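Colleague: Got a predicted model here, sequence first, then my questions.
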2 protein chains.
Amino acid sequence: MPARGDHEQRRQQVARIAADLVAAGGLAAATHRRIAEAAGCSTTVVSHYFTDKRDLVTATYREVGDRVAARVEAARSSQDVLVAILEALLPLDEDRTRDWRLLFTFLGLAATDAELTAEQRDRAAAARAQIETALADDKQAGRIPPDVDVPASARSLLSFVLGMGMQALFDPAEWPVERMRTALADAVAQIRARGGALPVF
Amino acid sequence: MPARGDHEQRRQQVARIAADLVAAGGLAAATHRRIAEAAGCSTTVVSHYFTDKRDLVTATYREVGDRVAARVEAARSSQDVLVAILEALLPLDEDRTRDWRLLFTFLGLAATDAELTAEQRDRAAAARAQIETALADDKQAGRIPPDVDVPASARSLLSFVLGMGMQALFDPAEWPVERMRTALADAVAQIRARGGALPVF
């Protein structure tokens, strides 16, 4: 089905362009006209891909979700998989900060939309599952104490990382990259040392 | 200036009504017409209070911010101030869940809006300051070890609470109220016991 494949590929390209416009100037900036201009196509084509703002934001969210999934996948070949996965979720560079911005734009709609809420729930559950797997592997390898509750620790670590990213997005001066990295490294070190989950200061 | 006071009071009433509409049905549901109907006034009056969606969302956010500030203030007379302040920030009941929904609706716009970002930064900094004060009081009273880094612990606790609330909003089944309460109590107990900041499992 080459025609179908072309359509999907083109849709993804346009979603990426729309996402860049949203990340730079908010939802209001991503009009069909501006997307068409940036993508070099007609507004009719854009309307064909995205019927309304909700549809557009969902497409940009999925694009972000795929990027995050790819980052997490890449993290699986790191030397310290647990830390690498958690770092993949933090706004530690421009790309990830852009994706956090788009995540929040999406969550702004999802907060009052049951269908979009389910999408975010599933993405978060997938991230939590990846953290659980990394923790279980650490336990298996003797890197964390055998009595650590893996699901509970995964929940704690994800809470910590999401809350840190959320604050960093709105107050980057308070959250320089090194502070996030150190806090995360300490949290992981603490779990490994004695089954806690957040940094000791 | 009674006229001015009346205006402000009326504006707050209308903001509250608008917030209820947004929390229940999203931004799209809070049209000027529906707000006017629910408030028993004309759409001209509503337009006078809120020029556009951004203005409306900002007003509902401020209303939420004031409610959160009042909850935190009330927490200051609790027996365990630190835990009470942190619980005031979590979506542990319908009212607070509604406010989390409105917070995220606002953050969806704020993520790509420098002025709104500054509002959220200031509100988060105020919450962090309250947590710091409670931690400092605990330290003074000998309830936490003297070598605990208060600002860093406040950042960690706020991260943990925000990340937990964020997940609970989109996945309440994974985050029953008791799970949030227990995780928070454990986090505070851990800081008090040895200067860590998250639950040990």
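Modeller: Happy to help now that I have it.
Colleague: Below-threshold pLDDT in chain A: ranges please.
Modeller: A:1-4, A:194-201 (pLDDT under 70).
Colleague: let's go with 50 and repeat that
Modeller: A:1-2, A:199-201 (pLDDT under 50).
Colleague: now the residue of chain A found nearest chain B, nearest residue through space, not along the chain?
Modeller: When scored by Cβ to the nearest Cβ, chain A has A:Gly108 as its residue closest to chain B, at 1.2 Å. C-beta coordinates here come from the backbone N, C-alpha and C atoms, glycine included. Distances taken as Cβ to Cβ, 6 or more residues apart in numbering or on different chains place B:Gly108 nearest to A:Gly108, at 1.2 Å, with adjacent residues excluded.
Colleague: pretty sure that neighbour contacts A:Thr105?
Modeller: Yes. Look at B:Gly108 against A:Thr105 with Cβ atoms under 8 Å: they come within range, at 5.3 Å.
Colleague: Now for the two: what residues contact both?
Modeller: Both B:Gly108 and A:Thr105 lack any common contact, where contact means Cβ atoms under 8 Å, 6 or more residues apart in numbering or on different chains.
Colleague: Following the host helix or strand of the residue nearest to A:Gly108 in sequence, what is the next regular element?
Modeller: Remark: B:Gly108 resides in helix B:94-110, with elements defined by DSSP states H and E. Per DSSP H and E, helix B:94-110 leads on to helix B:114-140 as the next helix or strand towards the C-terminus.
Colleague: Spatially, what comes nearest to the residue most central in space within chain A if we skip its sequence neighbours?
Modeller: Nearest to the mean C-alpha position of chain A, by Cα atoms, centre = their mean, lies A:Val68 at 4.8 Å. Leaving aside its chain neighbours, A:Val68 sits nearest to A:Asp99 (6.5 Å; criterion: Cβ to Cβ, 6+ apart).
Colleague: Just give the number of residues close to the one you found.
Modeller: By the criterion of other Cβ atoms under 10 Å in any protein chain shown, A:Asp99 has 23 neighbours.
Colleague: again, but for A:Arg181
Modeller: 15.
Colleague: swap in the one 5 residues further on?
Modeller: Close neighbours of A:Asp186, defined as other Cβ under 10 Å, add up to 18.
Colleague: Then A:Gln140?
Modeller: 10.
Colleague: distance of it from A:Pro146?
Modeller: The spacing between A:Gln140 and A:Pro146, counted by Cβ to Cβ, to the nearest Å, is 10 Å.
Colleague: What of A:Ala129?
Modeller: From A:Ala129 to A:Pro146 the distance is 21 Å (Cβ to Cβ).
Colleague: Break down chain A into its helices, ranges please.
Modeller: For chain A, the helices defined by DSSP state H occupy A:2-25, A:32-39, A:43-49, A:53-75, A:81-88, A:94-110, A:114-140, A:150-170, A:177-194.
Colleague: Distance of A:Asp95 relative to A:Ala59?
Modeller: 18 Å.
Colleague: can you check A:Thr44 too?
Modeller: Distance from A:Thr44 to A:Ala59, by Cβ to Cβ: 17 Å.
Colleague: same check, this time on A:Ala173
Modeller: 32 Å.
Colleague: who has more neighbours, these two?
Modeller: A:Ala59 (20 against 7).
Colleague: Name all residues that make contact with that one.
Modeller: Applying Cβ under 8 Å, 6+ apart, the residues contacting A:Ala59 are A:Arg11, A:Ala15, A:Ala18, A:Ala19, A:Tyr49, A:Phe50.
Colleague: A:Gly163 now?
Modeller: So A:Gly163 contacts B:Leu158, B:Ser159, B:Phe160, B:Val161, B:Leu162, B:Gly163, B:Met164, B:Met166 (Cβ under 8 Å, 6+ apart).
Colleague: number of nearby residues for the second one?
Modeller: In terms of burial, B:Ser159 registers 28 neighbours under the definition other Cβ under 10 Å.
Colleague: Count the neighbours of A:Met164 for me.
Modeller: Other residues close to A:Met164 by other Cβ under 10 Å number 27.
Colleague: hang on, isn't it packed against B:Ser159?
Modeller: Yes. Assessed by Cβ under 8 Å, A:Met164 is found in contact with B:Ser159 at 4.4 Å.
Colleague: list the residues that contact both of these two?
Modeller: Common contact partners of A:Met164 and B:Ser159 (Cβ under 8 Å, 6+ apart): A:Ala183.
Colleague: Okay, angle between the helix holding B:Gly108 and helix B:177-194 too, please.
Modeller: 80 degrees (axes from the mean of the first three to the mean of the last three Cα atoms, to 10 degrees).
Colleague: quick one: helix B:94-110 to chain centroid distance?
Modeller: 8 Å (Cα atoms, centre = their mean, to the nearest Å).
Colleague: No further queries at this time; thank you.
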